[in-house]
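Undergrad: predicted model and sequence follow; I will ask about them next.
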Amino acid sequence: MKKSYKLLFVCLGNICRSPAAEGVMRRVVADEGLSDRVEIDSAGTYGGHRGQLPDPRMRSAASARGLNLTHRSRQITEGDFLEFDRIVVMDDMNYENVFCLSPTRETDLKIFRMRDYFTRFPDWSYVPDPYYEGHEGFELVLDMLEDACHTLLQEIKPLL
Ligand code: 4NP
């Protein structure tokens, strides 16, 4: 059996944006019957929330969309660059931090920005950090992730 395609979503704390991206992508992949072809995980560039469930505000906003977020926060490791086929970051700071950790030229090429998959957010060049925002910030992030994850799946489908 062919090896599954491995996707890693990365943000700063791994308690808001990237675990939400993981949950949204799991749903999008499941809806197309591809759950056994794609493996999905998330991580943060900062390890201070290690072991924690996603932020309760994000869990609540995701739950209202039928998504149960159970990921435990972890920090990205050098091993992730070898393990995963594609690493998708939420903003430019994540990109710089992840790029600095990337061990080889080959692994540099695995790093992508979530904004590359937006179809409905022409005014945004990143997924904004909702941590210091109100409820609308979390809804905006989920709207962006739902948009981008559909595009991302179409892009990786030929690679599965
Ligand atoms: P995330 O949000 O990167 O989307 O998980 C944040 C979570 C925690 C912090 C910042 C952003 N923090 O500063 O602790």
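TA: Nice, thanks for sending it over. On a predicted model such as this, the values are computed, not experimentally measured, just so you know. Numbers count the residues shown, from 1 in each chain.
Undergrad: okay, CA-based contacts and neighbour counts for the rest of this
TA: Noted.
Undergrad: show me what from the chain comes close to the ligand.
TA: 11, 12, 13, 14, 15, 16, 17, 129, 131 (CA under 6 Å from any ligand atom).
Undergrad: let me know the closest of those residues to residue 90.
TA: residue 11 (5.5 Å; CA to CA).
Undergrad: this structure: helices as residue ranges?
TA: 17-31, 56-63, 78-83, 92-101, 105-108, 135-156 (DSSP state H).
Undergrad: what residues does the fifth one touch?
TA: Same thing as helix 105-108. 81, 82, 99, 102 (CA atoms under 8 Å, 6 or more residues apart in numbering).
Undergrad: circling back: where is pLDDT lowest across the residues of the chain next to the ligand?
TA: Confidence by pLDDT is poorest for residue 131 among these, given 94.
Undergrad: neighbours around it, how many?
TA: By the measure other CA atoms under 10 Å, the count of residues near residue 131 is 16.
Undergrad: next: residue 155.
TA: Each residue near residue 155 was counted by other CA under 10 Å, and the total is 11.
Undergrad: could you do the one 4 residues further on as well?
TA: Residue 159 is surrounded by 9 other residues when neighbours are defined as other CA under 10 Å.
Undergrad: for it, give its distance to residue 108.
TA: 19 Å (CA to CA, to the nearest Å).
Undergrad: cool, residue 137 as well?
TA: Look at residue 137 and residue 108: by CA to CA, they are 30 Å apart.
Undergrad: go on, residue 37?
TA: As judged by CA to CA, residue 37 and residue 108 stand 23 Å apart.
Undergrad: just for this structure, where's the confidence low?
TA: Applying pLDDT under 70 to the chain picks out residues 1.
Undergrad: show me the contacts for the residue positioned nearest the centre of it.
TA: By CA atoms, centre = their mean, the chain has its centre lying nearest to residue 9, at 2.8 Å. Contact analysis of residue 9 by CA under 8 Å, 6+ apart lists 18, 19, 21, 22, 40, 41, 42, 43, 87, 88, 89, 90.
Undergrad: what's the answer for residue 48, then?
TA: residue 13.
Undergrad: pick the most buried one from the helices of the chain.
TA: The highest average neighbour count among the helices of the chain, using mean count of other CA atoms under 10 Å, belongs to helix 17-31 at a mean of 23.
Undergrad: centre of the chain to stretch 100-118, how far?
TA: 13 Å (CA atoms, centre = their mean, to the nearest Å).
Undergrad: keeping just the C-alphas, turn it into CSV.
TA: Extracted C-alpha coordinates of stretch 100-118, given in CSV (Å, rounded to 0.1, in the frame of the first residue of the first chain):
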residue,chain,number,x,y,z
CYS,A,100,15.5,28.8,10.2
LEU,A,101,14.9,25.4,11.7
SER,A,102,14.8,23.6,8.3
PRO,A,103,17.9,21.4,8.1
THR,A,104,18.4,21.2,4.3
ARG,A,105,17.6,22.9,1.0
GLU,A,106,15.3,19.9,0.3
THR,A,107,13.3,20.5,3.5
ASP,A,108,13.1,24.3,2.8
LEU,A,109,11.0,23.4,-0.2
LYS,A,110,8.4,21.6,2.0
ILE,A,111,7.4,24.9,3.7
PHE,A,112,4.3,26.7,2.4
ARG,A,113,2.1,29.6,3.6
MET,A,114,-1.6,29.0,4.2
ARG,A,115,-2.4,32.2,2.4
ASP,A,116,-1.2,30.6,-0.8
TYR,A,117,-4.5,28.6,-0.7
PHE,A,118,-6.9,31.4,-0.1
